[in-house]
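Engineer: here is the input, now give the coordinates:
(chains A and B)
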Amino acid sequence: MARVVEQQPENPLLAGLRLRRTPEPCALVIFGASGDLTQRKLIPALYSLAFRRLLPENFGVVGVARTEASTEEFVERMEEAVKEHGRDEFRQDVWDALAEGMRYVATDFADEGGEDVVMEVLDELDRERGTAGNRVHYLAVPPAAMSTLIRELGERRSREGWTRLIIEKPFGRDLASARSLNQQLAEHFTEDEVFRIDHYLGKETVQNMLALRFANGIFEPVWNRQFIDHVQITVAESLGIGGRASFYEESGAIRDIFQNHLLQLVALTAMEPPIDFTADSVRNEKVKVLRSLHTPGPKNVVRGQYGPGFIEGVEVPGYREEEGVAPDSVTETYFAAKLYVDNWRWADTPFYVRTGKRLPRRETTIAIQFKRAPHPPFEETAADGLRPNVLLVHVQPDEGVSLAIGAKVPGQGMSIRTVHMDFLYGGAFRTGLPEAYERLILDAMLGDATLFTRTDEVEEQWSLVDAITASWPRDRPSFPNYAAGSWGPPSADELIHRDGRSWRRH
Amino acid sequence: LSAPAELEGWTGHDVTVADIERQIAGLRQASAARTDGPDLRTSVMTHMAWVPEEWVDAAHETLGGLAERHPSRTILLVPDPDAESGLDADLSLRCFPLHEHHGHVCSEVIELRLRGDRTRAPASIVTPLLISDLPAFLRWRGRPPFGKPELVQLVDVVDRLIVDSAEWPDPPEAYGELAEVFDATAVSDIAWGRGLLWRRELALSWPRITEVRELHVVGPRADALLLVGWLRSRLGRPMQLAHEDADALVAVALDGKAVSPPRGEDRSASDLLSEELDRFGRDPVYEDAVRAAHV
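Structural biologist: As a prediction, the model looks like this:
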């Protein structure tokens, strides 16, 4: 977390000092504080930051939700959440110091009076905890509540200090709604005050993609159409939809995963080297990739929905049998596509992407498959076990990088088979990887937007989704078309087999 | 962090380097055969330590808190110049389970007792054992014998020498000799690392600090000397040091006015060494501080 702070030439004592990035005093307001995200991710992330003394001394947290509860009840629930979901040992003194600055306000987000109460509590925190009028508003609320909340917060901006907004996904449900949200934000906030979160960008392994590509001289020269045959990006989940039926029915896999996480992974894999690691340099390069994406035609897109099946030996229901899902639902729980990045580096190099629920296991990987060696000087049978080189970036689980290479099988003759050279994060850096939300919340408090999504990125992402889904309302797909516990519908295999390729073996 | 399992071990008396290499390979094979998943050898460096007998316990303790963070081949060199000539080895594989993954990641610990005249050319013993292409760090316990062949030779094969000048009986005089090593290899001083949080705090006193005439420090003498050396060299002006001895840096005052203690976690000996093992290249600010502390 340490970063060399820009030296001020007039203070010679700062030379060579690695200053820890500690945010200015501030209050974090979580709208949607009774939700799962707050308990599983946000509060445990704040605890981990407190555990490492990365939070400012003058700090407060205000939970806001519709659920009736007192501050004491909220604090108690959050303590349990930290014990259950935190990655660090539970230390009462650390928790007590954090909990002392916690408040809870029960109100409807659309209620103007409720917002006034929140502002009163924030003023009180300024007086009692010295939070200096600096606010980070974390908006983890349903889409319907978003625009009202943005307006109310804009109208009640603190006169002192700074205000920043962290906005959870979904950011709109199509290009029009995303643009409308962006316009509302722009009425009250500047772009550098808005932090659209995509928690994938907070993951160490996703950031490591930038290190892998731009800190290693050996990869960049071959990172192009001359040497790479194709790229496969997989975001697989073994879970179903849990209690999120109403959300998922509206979004489906394309809006839930493809629009944000998958397209971000494509952008990081395909982007040109930024001139530096500042927010705008990195995001400029990502936007160029998103703009270069060719809209895939219907033949290059596959939708699927899971039927009943088995996950880890347990029988699970089909999507249409899940609670809250329409029995004739045509929401896709699987999405795959062949994408092309139409630029000099990637022309004619397909990016096969897929995501789905109820797949056999949880796995997010980026596989860079290189072209075959042009003329292996071995007998044909010798190279039977030989597959093309693949550079595999494991985003989760087993975070790390593997390179598949051909090696001689010991013994007589010249048999060759593929073996893996593995770099496992857990093996080389045994410090425990920080949770994505720790990094992102801290960055937002520090005003560093590098790992957040900019207006134009979001709009480019939605523009592609809109183009893909334009024909969907006219189709009646025959769902379900894959069994829970399988790797998706047969049409997804056909999508890639047509090109003489296949999905990675798992 | 989890506790290591020492899966395999081997001890040998009067051994050769070839014996050591063969036994290490054997330990790896035996360990891989015993565990249910593959054993990974992940190394980020070769970590050597020159550990005279009186420092052996402290070195083991530091190593215990370190191995997991810096998977490396560790070579402990225990000199015993008065004994009969020979080389003894105690080898072990320290393995850590991998989270969400079958198998272990294993590091090798090679403890070598250099007896009699085998202490004269230690670099010739460790050079074949260095892991290729990775940086090599040398932690020298106690006061280094500046100018003596064993130090000069080892400094020649490593990328960084790490000392703790608080372990020396004679700072600041020895700082003059230390400064002569700067052109041979990068140097880290754990006493300098201990002062980091205080230096951050003192940096905030700019520009008021330019008027200060005396620095008062309660802490180890080396830490105090390096702090005042840092201020003298950065500010380019003389500054007096008033020092009260203590086991840790606990208080600093500028012209009698206390500096508020820095926030930050307490760092163990392993943490401090671990930070130095993350550094590469020379640290000119530290080097200037050493030279100014010696004035």
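Engineer: low pLDDT regions in chain A?
Structural biologist: Within chain A, the stretches with pLDDT under 70 are A:1-9, A:18-20, A:379-385, A:426-432, A:505-506.
Engineer: center of it - which residue?
Structural biologist: With distances taken as Cα atoms, centre = their mean, chain A has A:Tyr200 as the residue nearest its mean C-alpha position (2.2 Å).
Engineer: quick one: residues contacting that residue.
Structural biologist: If a contact means Cβ atoms under 8 Å, 6 or more residues apart in numbering or on different chains, then A:Tyr200 has A:Val206, A:Asn260, A:His261, A:Gln264, A:Leu265, A:Val395, A:Ala436 as its contacts. From N, CA and C alone the C-beta is placed, and that goes for glycine too.
Engineer: could you check how far the residue lying closest to it once chain neighbours are set aside is from A:Gly243?
Structural biologist: Using Cβ to Cβ, 6 or more residues apart in numbering or on different chains and skipping residues adjacent in sequence, the residue nearest A:Tyr200 is A:His261, 4.5 Å away. The gap separating A:His261 from A:Gly243 is 21 Å, by Cβ to Cβ, to the nearest Å.
Engineer: so these two - more neighbours on which side?
Structural biologist: Neighbours were tallied for A:His261 and for A:Gly243 using other Cβ atoms under 10 Å in any protein chain shown; the higher tally belongs to A:His261 (22 against 11).
Engineer: wait, the more buried one touches A:Ile197, no?
Structural biologist: No: taking Cβ atoms under 8 Å as the definition, A:His261 is not a contact partner of A:Ile197, at 11.5 Å.
Engineer: the stretch 151-300 of chain A: helices as residue ranges?
Structural biologist: In order along the chain, the stretch 151-300 of chain A carries the following helices (DSSP state H, counting those that start in this stretch): A:175-188, A:204-214, A:245-253, A:263-270, A:279-292.
Engineer: quick one: list the elements packing against the shortest one.
Structural biologist: For helix A:263-270, the elements it packs on are helix A:204-214, strand A:228-236, helix A:279-292, strand A:334-341, strand A:350-356, strand A:363-370, helix A:455-469, judged by 3 or more Cβ pairs under 8 Å, 6 or more residues apart in numbering or on different chains; DSSP states H and E.
Engineer: which of these sits closest to chain B?
Structural biologist: Distances from chain B to each of the helices and strands packed on helix A:263-270 were compared using Cβ to the nearest Cβ; the minimum, 11.3 Å, belongs to strand A:363-370.
Engineer: the closest one pairs with which strands, parallel or anti?
Structural biologist: Each strand that pairs with strand A:363-370, with its direction, by DSSP bridges: strand A:228-236 (antiparallel), strand A:390-396 (antiparallel).
Engineer: and the contacts of that strand?
Structural biologist: If you take Cβ under 8 Å, 6+ apart as the criterion, strand A:363-370 is touched by A:209, A:222-223, A:227-236, A:261, A:265, A:269, A:388-397, A:501, A:504, A:506.
Engineer: just the buried residues of these.
Structural biologist: When neighbours are counted using 16 or more other Cβ atoms under 10 Å in any protein chain shown, the contacts of strand A:363-370 contain these buried positions: A:209, A:223, A:228-236, A:261, A:265, A:269, A:389-396, A:501, A:504.
Engineer: can you show me the helices along the stretch 51-200 of chain B?
Structural biologist: Counting by DSSP H, counting those that start in this stretch, residue ranges of the helices within the stretch 51-200 of chain B are B:56-64, B:122-126, B:149-157, B:173-179, B:190-194, B:196-203.
Engineer: now render those as JSON lines, adding distance to A:Glu112.
Structural biologist: Putting the helices of the stretch 51-200 of chain B into JSON lines (distance: least, Cβ to Cβ, whole Å) gives the following:
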{"stretch": "helix B:56-64", "distance to A:Glu112": "60"}
{"stretch": "helix B:122-126", "distance to A:Glu112": "73"}
{"stretch": "helix B:149-157", "distance to A:Glu112": "71"}
{"stretch": "helix B:173-179", "distance to A:Glu112": "68"}
{"stretch": "helix B:190-194", "distance to A:Glu112": "54"}
{"stretch": "helix B:196-203", "distance to A:Glu112": "45"}
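Engineer: highest average neighbour count across those?
Structural biologist: Among the helices of the stretch 51-200 of chain B, judged by mean count of other Cβ atoms under 10 Å in any protein chain shown, the one packed with the most neighbours on average is helix B:190-194 (a mean of 24).
Engineer: re the thing from before, what sits against the residue nearest to A:Tyr200?
Structural biologist: Contacts here follow Cβ under 8 Å, 6+ apart; on that basis A:His261 touches A:Asp198, A:Tyr200, A:Val235, A:Thr355, A:Thr364.
Engineer: give me the phi and psi for the closest residue to A:Asn284 other than its chain neighbours.
Structural biologist: Take A:Asn284 and drop its neighbours on the chain: the residue closest to it by Cβ to Cβ, 6+ apart is A:Pro274, 7.2 Å away. For A:Pro274, the backbone dihedrals are phi -70, psi 160 (criterion: degrees, to the nearest 10).
Engineer: thinking A:Pro274 is in contact with A:Val282, fair?
Structural biologist: Yes: under the criterion of Cβ under 8 Å, A:Pro274 lies in contact with A:Val282, with a separation of 4.9 Å.
Engineer: just give me the neighbour total for the residue nearest to A:Asn284.
Structural biologist: Number of residues near A:Pro274 (other Cβ under 10 Å) recorded here: 17.
Engineer: now swap in A:Val409 and tell me
Structural biologist: Each residue near A:Val409 was counted by other Cβ under 10 Å, and the total is 13.
Engineer: now do the one 3 residues further on
Structural biologist: Using other Cβ under 10 Å as the criterion, A:Gln412 is surrounded by 6 other residues.
Engineer: just the helices of the stretch 151-300 of chain A: most buried one?
Structural biologist: Comparing these by mean count of other Cβ under 10 Å gives helix A:263-270 as most buried, with a mean of 23.
Engineer: which residue, neighbours along the chain excluded, lies closest to residue 143?
Structural biologist: By default, I'm working from chain A. Nearest to A:Pro143 is A:Pro170, by Cβ to Cβ, 6+ apart, at 6.0 Å.
Engineer: let me rephrase: I mean chain B.
Structural biologist: B:Trp168 (4.2 Å).
Engineer: could you check how far the one you found is from chain A?
Structural biologist: Using Cβ to the nearest Cβ, to the nearest Å, one obtains 23 Å as the distance from B:Trp168 to chain A.
Engineer: and the pLDDT for that residue?
Structural biologist: The pLDDT attached to B:Trp168 in the predicted structure is 95.
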